[in-house]
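**Q** quick one: sequence plus predicted model below, questions after.
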Amino acid sequence: MHPQRRPALLLFAALVFTSLACEAQPLPFTLKQVAPKVYAVIDNANGDSGANAGIVIGEEAVAIIDSLYKPKATQALLAEVRRLTPLPIRYLINTHYHIDHVAGNAVFAQAGAVIVGHKNMARWINTENLKFFGATPTAEGQTQVAALAPPQIGFDSEMRLNLGQRTLLIKALPGHTGGDAVVSVVDAGVVFAGDLFWRRAIPNLIDAHTADWIRTLDTLRQGQPATAVFVPGHGDVGSAGDVQDFQRYLGDLQAAVKQQLDAGKDGEALQAAALAQLTPSYGGWAYFKNLGPRNVRDMQAELTGNKRRPAP
């Protein structure tokens, strides 16, 4: 071998090895095809994406549902879309304003997508998300929230988007934040429910009104085929039965806290008693240890009329 060629060949080999190593890295989510050209993006067990998302491919264009939380996950999601189809990404639909679902909005906007969300999101995305950084958000947290890309198209109750022959039906339903959107792929029997549905997982109730939410979960199941697939904001893909299980949790939480309030309990005593009632049925659900106590406190605030919710 000519001695001058050896460094070049070594450099080429190093680049090939690096490229293969990058390709071998596991995705921060599981990509599940739930219908023809419809994909659920399910966060992994380590939470490397921060939330779930979705990809819907039509004859003319692509729609993304939610943009994930962690930058590497958002970039991986964009790369997977490019791998699946050369069609343009026309829409990014946000199911609600919480930062774990919208942190990657700017990436898809730069890729050409128009951001769609409930009309309340425009007011909340750059303000209400500060509360997830604690009572005194750091300068870094404030900068991150200020940089979140808000929806460019808002809607009040319902809208339809076309990707060619494929139609997406977007409906506003109350419960989780007061600005939640559910995306149905009409021809495929797939419903992207955002955080209105958590499959075998304890939800975040920081903005919730569970009385509305319990009724919403009835509406969510109505009109769907028996084989409908429901993609949650957190947890694995589910069925109508899984949605009903989650609805049952909210009802049981409400009943347990009310029972303890009626018994005159408050504070830690109420929390301990309510959790003791819920643990046998739901102690094995994801996030129970961390979010279970918070759920009790949020439910107490709701039932006593002391719950703060974002103003529409």
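**A** That came in fine, so what should we check first?
**Q** for stretch 281-295, buried residues please.
**A** For stretch 281-295, the neighbour count (16 or more other Cβ atoms under 10 Å) marks 282, 285, 286, 287, 288, 291, 292, 293, 294, 295 as buried. Any C-beta I mention is one placed from the backbone N, CA and C, and that applies to glycine too.
**Q** should've said stretch 42-52
**A** 42, 43, 48, 49, 50, 51, 52.
**Q** figure out how far it is from the centre of its chain.
**A** Mean C-alpha position of stretch 42-52 versus that of the full chain (Cα atoms, centre = their mean, to the nearest Å) differs by 10 Å.
**Q** now that stretch: average pLDDT?
**A** Per-region confidence: stretch 42-52 scores 97 on mean pLDDT.
**Q** repeat for stretch 249-262
**A** 98.
**Q** contact partners for the nearest residue to residue 271 once chain neighbours are set aside?
**A** When the adjacent residues along the chain are set aside, residue 271 lies closest to residue 296, with 4.9 Å between them (Cβ to Cβ, 6 or more residues apart in numbering). Applying Cβ atoms under 8 Å, 6 or more residues apart in numbering to residue 296 gives the contacts 253, 256, 257, 270, 271, 274, 275.
**Q** same question for residue 180.
**A** Listed by Cβ under 8 Å, 6+ apart, the contact set of residue 180 reads 95, 96, 118, 172, 173, 174, 194, 195, 196.
**Q** tell me the secondary structure for the residue lying closest to it once chain neighbours are set aside?
**A** Closest residue in space to residue 180, ignoring its immediate chain neighbours: residue 96 at 4.8 Å, by Cβ to Cβ, 6+ apart. Look at residue 96: counting by DSSP: H, G, I helix; E, B strand; the rest coil, its state is coil.
**Q** which pLDDT value goes with residue 96?
**A** pLDDT at residue 96 comes out at 98.
**Q** roughly how far does it sit from residue 307?
**A** 17 Å (Cβ to Cβ, to the nearest Å).
**Q** neighbour count winner among these two?
**A** Neighbours were tallied for residue 96 and for residue 307 using other Cβ atoms under 10 Å; the higher tally belongs to residue 96 (25 against 18).
**Q** the more buried one reaches residue 177, doesn't it?
**A** Yes - look at residue 96 against residue 177 with Cβ atoms under 8 Å: they come within range, at 4.7 Å.
**Q** follow-up on the earlier one: just the buried ones from the contacts of residue 180, in ChimeraX syntax?
**A** Only the buried entries of the contacts of residue 180 go into this ChimeraX selection, using 16+ other Cβ under 10 Å:
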select :95,96,118,172,173,174,194,195,196
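**Q** so which of the contacts of residue 180 sit within helices?
**A** The members of these all map outside helices under DSSP state H.
**Q** now distance to residue 87 too, for the contacts of residue 180, in a markdown table please.
**A** A markdown table is the format used below for these (distance: Cβ to Cβ, whole Å):
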| residue | distance to residue 87 |
| --- | --- |
| 95 | 22 |
| 96 | 26 |
| 118 | 26 |
| 172 | 27 |
| 173 | 29 |
| 174 | 34 |
| 194 | 24 |
| 195 | 28 |
| 196 | 28 |
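**Q** which one of the contacts of residue 180 sits closest to residue 219?
**A** residue 173 (6.2 Å; Cβ to Cβ).
**Q** now do the same end-to-end measure for stretch 156-168.
**A** 16 Å (Cα to Cα, to the nearest Å).
**Q** brain fart, stretch 46-57
**A** Counting by Cα to Cα, you get 28 Å between the two ends of stretch 46-57.
**Q** and the helices in the stretch 201-312 of the chain?
**A** 210-221, 240-262, 267-282, 288-303 (DSSP state H, counting those that start in this stretch).
**Q** between the ones you listed, which gets nearest to residue 133?
**A** Closest to residue 133 of those, according to Cβ to Cβ: helix 288-303, at 16.3 Å.
**Q** for the closest one, the distance to its chain's centre please.
**A** On the basis of Cα atoms, centre = their mean, helix 288-303 is displaced by 20 Å from the centre of the chain it belongs to.
**Q** how far away is residue 198 from residue 129?
**A** Going from residue 198 to residue 129 by Cβ to Cβ gives 19 Å.
**Q** more crowded one of these two?
**A** Comparing residue 198 with residue 129 by other Cβ under 10 Å, the one with more neighbours is residue 198, at 27 against 21.
**Q** report pLDDT for the closest residue to the more buried one other than its chain neighbours.
**A** Nearest residue to residue 198, sequence neighbours excluded (Cβ to Cβ, 6+ apart): residue 234, at 5.0 Å. Here, the pLDDT recorded for residue 234 equals 98.
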